[in-house]
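Q: predicted model follows, preceded by the sequence.
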Amino acid sequence: MDIKFIPAEDVKRVLHFSELIPQMESALKKFSSKNVEQPVRSIVSVKEANGFLGVMPAYSSTDQALAVKLVTFYPQNTDVPTHNAIIAVFNSHNGIPEVIMDGEVITTMRTAAVSAVATKYLAAGDASTLAVLGSGVQARSHIQALSSIRSFKKINIWSRTKKNAEKLAGEVGGTAYDSVQEAVKDADVIVTVTSSSTPVLMKDWVKPGTHVNAVGACRPDWQEIDPDLMRSSVLYVDSREAAMKESGDVILSKADIFAELGEMVLGVKEAEVQKTTVFKSLGV
Ligand SMILES: NC(=O)C1=CN([C@@H]2O[C@H](COP(=O)(O)OP(=O)(O)OC[C@H]3O[C@@H](n4cnc5c(N)ncnc54)[C@H](O)[C@@H]3O)[C@@H](O)[C@H]2O)C=CC1
Ligand SMILES: O=C([O-])C1=[NH+]CCC1
């Protein structure tokens, strides 16, 4: 058996948002048309670390693609990334493993690319202020991906540790804020990319018509968004099945899911641009 290994630097060299965003748009359509077999991931909790190992298999007969991502989330990591992953790709005709590749870069970029698809459809065309809550890996990749979809004049950043918000603001020409409320006040697009398990973004702070990409809180008892904001917004998800099993923001608020992003891209469901919208991302 000759299994090829593709390291992170090689994945990084060939992955570009300009190609990845349209690829994700296409993948979301296939997912919502039930053209892929992709069960909700299995999770093994690692209680001592407040973390988990997720197993994410998928098969697409049209793409002749059979693969699985194995991803860990250790939120307390400080010297190494909190998310680590590998992806194994099998030959879909004979089942032979062909490639094992780094999955961390893909997790970083794929997640932001899907939020970019949501933002492309759901944010106002003239959206000019982006607010980012969190200052880690996803904060950086979201600023890059979303900036390729809209021309933001202002990027407002809040993070639990002000120094980290200031560092990121310095990198991207943005402004660091002391409070979430100040950071999101004028925002047309908000991204929540924290490892918080309790709400950080409150309904009363969000101006009507804003689009929110809610990317953290991927466990059924974790929340990142005020339940009132979940209930009063038009709610989009990547996967209904996953949202009902994994998202504390959806389950605990009892908010109604309006559509999967793939249904919206297909035109089966409206893109409610004028209204306040939340895209709850879990990762597929
Ligand atoms: N939806 C999806 O497909 C994916 C979601 N994620 C989620 O996105 C979030 C961010 O991920 P990364 O940027 O990779 O992590 P990271 O570890 O690089 O950054 C985490 C950020 O959250 C902040 N934070 C931690 N605890 C907090 C708290 N209690 N309150 C407020 N801020 C807090 C940290 O200070 C840091 O700014 C995580 O919740 C992660 O699980 C990550 C990958 C894929
Ligand atoms: O899709 C993904 O890889 C993840 N979603 C939440 C944590 C990791």
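A: Right, received. Where do you want to start? Numbers count the residues shown, from 1 in each chain. Ligands and ions are numbered 1, 2, ... in the order given.
Q: can you pull out the helices in this protein?
A: Taking DSSP state H as the criterion, the chain carries its helices at 8-14, 17-32, 104-122, 137-147, 162-172, 180-184, 227-232, 240-246, 248-251, 261-266.
Q: for the first one, packing partners?
A: Here helix 8-14 is seen to pack against strand 97-102, helix 104-122 when contacts are counted using 3 or more CB pairs under 8 Å, 6 or more residues apart in numbering; DSSP states H and E. Any C-beta I mention is one placed from the backbone N, CA and C, and that applies to glycine too.
Q: ok, stretch 273-282 near ligand 1 or not?
A: Yes - using CB under 6 Å from any ligand atom, stretch 273-282 reaches ligand 1 at 281, 282.
Q: measure that stretch end to end?
A: 22 Å (CA to CA, to the nearest Å).
Q: which residues are in contact with it?
A: The contact list for stretch 273-282, computed with CB atoms under 8 Å, 6 or more residues apart in numbering, reads 111, 114-115, 118-119, 121-125, 206, 208-215, 218, 225, 229-230, 232-239, 242-243, 246-247, 249-250, 261.
Q: tell me the buried residues in that stretch?
A: Neighbour counts over stretch 273-282 (16 or more other CB atoms under 10 Å) mark 275, 276, 277, 278, 279, 280, 281, 282 as buried.
Q: for it, the distance to its chain's centre please.
A: Remark: stretch 273-282 is offset 12 Å from the chain centroid, using CA atoms, centre = their mean, to the nearest Å.
Q: of the buried residues of stretch 273-282, which belong to strands?
A: Taking DSSP state E, the ones among the buried residues of stretch 273-282 that sit in strands are 277, 278, 279, 280.
Q: got a markdown table for those, with pLDDT and distance to residue 152 too?
A: Below are these laid out as a markdown table (pLDDT from 0 to 100; distance: CB to CB, whole Å):
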| residue | pLDDT | distance to residue 152 |
| --- | --- | --- |
| 277 | 99 | 17 |
| 278 | 99 | 19 |
| 279 | 99 | 17 |
| 280 | 98 | 22 |
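Q: also within reach of ligand 2: list those from the residues you listed.
A: Applying CB under 6 Å from any ligand atom to these, none is adjacent to ligand 2.
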